[in-house]
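[1] The following block contains a protein sequence and its predicted model.
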Protein chains: 2
Amino acid sequence: MDRSEILLSFLKDYRDHYLPSVSLDLVIFGFHEGQMKVLLIRFKGSQDWLLPGGRVRKDEDLNEAAYRSLRERTGLEKLFLQQFQTFGKVDRLTHFSWEETLTKMGLKEPLESLGVDIASFWSRDISVGYYALVEYTKVNPTPDIMSDECQWWDIDQVPQLLFDHNDMIRLALKTLRRQLSYQPIGYNLLPEEFTMSELQSLYETILGRKLDRRNFYKQIMNYDVLERLEKRPTIPASKAPYLYRFKKERYEQLLNEEDLSVG
Amino acid sequence: MDRSEILLSFLKDYRDHYLPSVSLDLVIFGFHEGQMKVLLIRFKGSQDWLLPGGRVRKDEDLNEAAYRSLRERTGLEKLFLQQFQTFGKVDRLTHFSWEETLTKMGLKEPLESLGVDIASFWSRDISVGYYALVEYTKVNPTPDIMSDECQWWDIDQVPQLLFDHNDMIRLALKTLRRQLSYQPIGYNLLPEEFTMSELQSLYETILGRKLDRRNFYKQIMNYDVLERLEKRPTIPASKAPYLYRFKKERYEQLLNEEDLSVG
DNA sequence: ATTATGTGCGTACATTAGACGCACAAACGT
DNA sequence: ACGTTTGTGCGTCTAATGTACGCACATAAT
């Protein structure tokens, strides 16, 4: 099969098994050495970057589709994933023409010669925005069929993206920061056992500002979501920091009481 | 035209001019004598109640579709309307069969005799949830083509609704209450000029609990969103309460700085 | 006149966020 | 060996905020 045949069968699969008019976009946040990253893909045959996304199978829950798409891009599952807004402006896709794109990719004529009515394969989409928090080092960025590259970008160096994707990142970050004030974060971002500094550094990275070490300590312990473990040094003392671990039940209780999403 | 022909042309219009797979549902809150109400419709030919909804025209912004649907049900426009969650479980519509419903309404056979493939007109939907705040007395509840009745229900006497609509109301109320803590509410719910008691009563109704009159006074004045007007009695005094009015610019500034939705 | 009621405004206390001081132990340099 | 530096745990202080409640005053009813 040549490229246009592969694309054709891909498009047919979409038409037959996925919901029309609905897509989803993922703002995948990663953390590495105090830097907040976001995973972007480069559109096939172009220099334009955008957020990875996905579509919903006809027999699949919306949230499940988001988890699946996340898995396909990162190789990870069971991660923190949260819907934050649905985008539906008619002109969301300004400056983008499906037809023009296929032409640039040299696929328009081959497809037409296969008897494809290109317009019928693409309509305007409503897109559900999700954001995810993942452990940077564990991710295996994987491009999808419509992209050439998939890689991390520093959050403050994200270029002009296609569509309304810059807006999406802004709103996702804003939602995440607000959420941080009433929910614990970190379960899937840190190793099983971690030091207080590591947790604080994560919070500082997300919030984009320094926190007072001592106040952070007080507040997080007040949440009653951490348990302190014993550590190697003979004396209870210091320099080798204590390790902490999340209390799983309490952690999930806090998540649930603030979030009764039903998907 | 008989009923089935009307319905048929309605369905055809939907197929041709509206996005498939996407719908929206409205949780419309009203307030009357300290009671919080929600607007429900009764499904045609059945005793089942549900939330009013709508669909999105192919050339229409998602938010615009929500405003239009709200207008169609209430006769009002330019109201407070906010997206709160998108629902997409596959089994959202359990216990509901489009075909069975048409049968009950005596419309299945007439439609089929008109050459309609019923299944092709209906598929599973992703639904975007919005909530709205409206002035109870100004509303003119209007059923849509699929419902027999449209009327207010006390919020604590809402019956078991079709689909996941009880969940939607719960989540909408929760979102509204949270929003109340960082945004002013009331512009379209109260008359142009109102007393402090009226505003407080509105807040108490939404929050479902009594507030201290003096503390409420302090906090709301701190927001710097109200201006006090002069009133009739000769002496500046009391018994005839002062009237207040929202400072429009400040009010909208507060709304905008907390909400950068892009639709 | 006296009492009850509604209204505007003030005070007092508890809780919280934020800034910062200090003690102690390990690691490092001389 | 010894002082210095660094990281860590824990305490104190202050400002801001939410909440409870006291009080003065004017009208309306008795």
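    Nice, I can see it.
[2] pLDDT at the residue in the stretch 51-200 of chain A that DNA strand C sits nearest to, what is it?
    Minimum separation of the stretch 51-200 of chain A from DNA strand C (C-beta to the nearest atom of the strand) falls at residue A:181, amounting to 7.7 Å. The way it works is simple: take the backbone N, C-alpha and C, and place the C-beta from them, glycine included. If you check residue A:181, the pLDDT there is 81.
[3] Kindly report the same for residue A:147.
    pLDDT, residue A:147: 90.
[4] Which element, helix or strand, includes the closest residue to it other than its chain neighbours?
    Nearest residue to residue A:147 in three dimensions, chain neighbours excluded: residue A:41, at 3.9 Å (C-beta to C-beta, 6 or more residues apart in numbering or on different chains). Per DSSP states H and E, residue A:41 falls inside strand A:35-43.
[5] hey, which helix or strand in chain A has the poorest pLDDT?
    helix A:98-104 (a mean of 77; mean pLDDT, DSSP states H and E).
[6] returning to what we had before: and the following helix or strand past the strand holding residue A:41, which strands flank it?
    Scanning forward in sequence from strand A:35-43 by DSSP H and E, the next helix or strand is strand A:49-50. Strand A:49-50 pairs in its sheet with strand A:35-43 (antiparallel), by DSSP bridges.
[7] Up against DNA strand C, what does the stretch 1-150 of chain A have?
    Applying the criterion C-beta under 7 Å from any atom of the strand, no portion of the stretch 1-150 of chain A neighbours DNA strand C.
[8] Please compute how far the lengthiest strand in chain A lies from its chain's middle.
    Taking DSSP state E as the criterion, chain A has its longest strand at strand A:18-32. Strand A:18-32 sits 6 Å away from the centroid of its parent chain (C-alpha atoms, centre = their mean, to the nearest Å).
[9] And stretch A:8-21, by the same measure?
    Distance, centroid of stretch A:8-21 to centroid of chain: 23 Å (C-alpha atoms, centre = their mean).
[10] same question, stretch A:27-36
    When distances are taken as C-alpha atoms, centre = their mean, stretch A:27-36 is centred 11 Å away from the chain's centroid.
[11] Can you name the residues in contact with it?
    With contacts defined as C-beta atoms under 8 Å, 6 or more residues apart in numbering or on different chains, stretch A:27-36 is touched by A:37-39, A:51-52, A:70, A:73-74, A:84, A:129-137, A:139, A:152, A:154-155, A:168-169, A:172-173, A:176, A:189, A:201-202, A:204-206, A:208.
[12] for that stretch, which positions count as buried?
    Buried residues in stretch A:27-36, defined by neighbour count with 16 or more other C-beta atoms under 10 Å in any protein chain shown: A:27, A:28, A:29, A:30, A:31, A:36.
[13] what's next to the host helix or strand of residue A:206, contact-wise?
    Element membership for residue A:206 (DSSP H and E) is helix A:196-207. Helix A:196-207 has contacts (C-beta under 8 Å, 6+ apart) with A:29, A:31, A:34-36, A:176-177, A:180, A:185-186, A:189-190, A:210-211, A:213, A:216-217, A:220, A:241-242, A:244.
[14] If we use 7 Å, what do you get?
    Residues outside helix A:196-207 that contact it (C-beta atoms under 7 Å, 6 or more residues apart in numbering or on different chains) are A:31, A:34-36, A:176-177, A:180, A:186, A:189-190, A:210-211, A:213, A:216-217, A:220, A:241, A:244.
[15] Buried only: go through these for me.
    Judged by 16+ other C-beta under 10 Å, buried ones among these: A:31, A:36, A:176, A:186, A:189, A:190, A:216, A:220, A:244.
[16] what's the closest of these to chain B?
    For those, the residue nearest chain B by C-beta to the nearest C-beta is residue A:176; the value is 13.8 Å.
[17] The stretch 51-200 of chain A against DNA strand D: which residues are in contact?
    By C-beta under 7 Å from any atom of the strand, the residues of the stretch 51-200 of chain A that approach DNA strand D are A:195, A:196, A:197.
[18] Mind putting the residues you listed into JSON lines with distance to residue A:112 and neighbour count?
    Compiled in JSON lines, these are given as follows (distance: C-beta to C-beta, whole Å; neighbours: other C-beta atoms under 10 Å in any protein chain shown):
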{"residue": "A:195", "distance to residue A:112": "60", "neighbour count": "16"}
{"residue": "A:196", "distance to residue A:112": "62", "neighbour count": "18"}
{"residue": "A:197", "distance to residue A:112": "60", "neighbour count": "11"}
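[19] Now tabulate the residues you listed in a markdown table and tack on pLDDT.
    What follows is these, written out as a markdown table (pLDDT from 0 to 100):
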| residue | pLDDT |
| --- | --- |
| A:195 | 87 |
| A:196 | 89 |
| A:197 | 88 |
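[20] Pull the contacting residues for the residue nearest to residue A:147.
    Residue A:41 sits next to A:49, A:50, A:52, A:143, A:144, A:147, A:149, A:150 when contact means C-beta under 7 Å, 6+ apart.
[21] still on that earlier bit, and the helix holding residue A:206 with strand A:18-32, angle?
    Angular relation of helix A:196-207 and strand A:18-32 on a 0 to 180 degree scale: 130 degrees, by axes from the mean of the first three to the mean of the last three C-alpha atoms, to 10 degrees.
[22] Now the very next helix or strand once past helix A:196-207 - C-alpha only, CSV.
    Next in sequence after helix A:196-207, counting helices and strands by DSSP H and E, comes helix A:213-222. Only the C-alpha atoms of helix A:213-222 are listed here, as CSV (Å, rounded to 0.1, in the frame of the first residue of the first chain):
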residue,chain,number,x,y,z
ARG,A,213,10.0,25.9,52.5
ARG,A,214,8.7,26.0,56.1
ASN,A,215,5.2,27.2,55.2
PHE,A,216,4.9,24.6,52.5
TYR,A,217,5.9,22.0,55.0
LYS,A,218,3.2,23.1,57.5
GLN,A,219,0.5,23.3,54.9
ILE,A,220,1.1,20.0,53.2
MET,A,221,1.3,18.2,56.6
ASN,A,222,-2.0,19.8,57.5
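[23] which residues make contact with helix A:213-222 from outside it?
    Contacts with helix A:213-222, where a contact means C-beta under 7 Å, 6+ apart, come from A:196, A:199, A:200, A:203, A:226.
[24] Among these, which one lies nearest to DNA strand D?
    residue A:196 (4.3 Å).
[25] sorry, back to before: off-centre distance for the strand holding residue A:41?
    Using C-alpha atoms, centre = their mean, the offset of strand A:35-43 from its chain centre is 9 Å.
[26] and what of stretch A:102-117?
    That offset, for stretch A:102-117, works out to 32 Å (C-alpha atoms, centre = their mean).
[27] No more questions from me, cheers.
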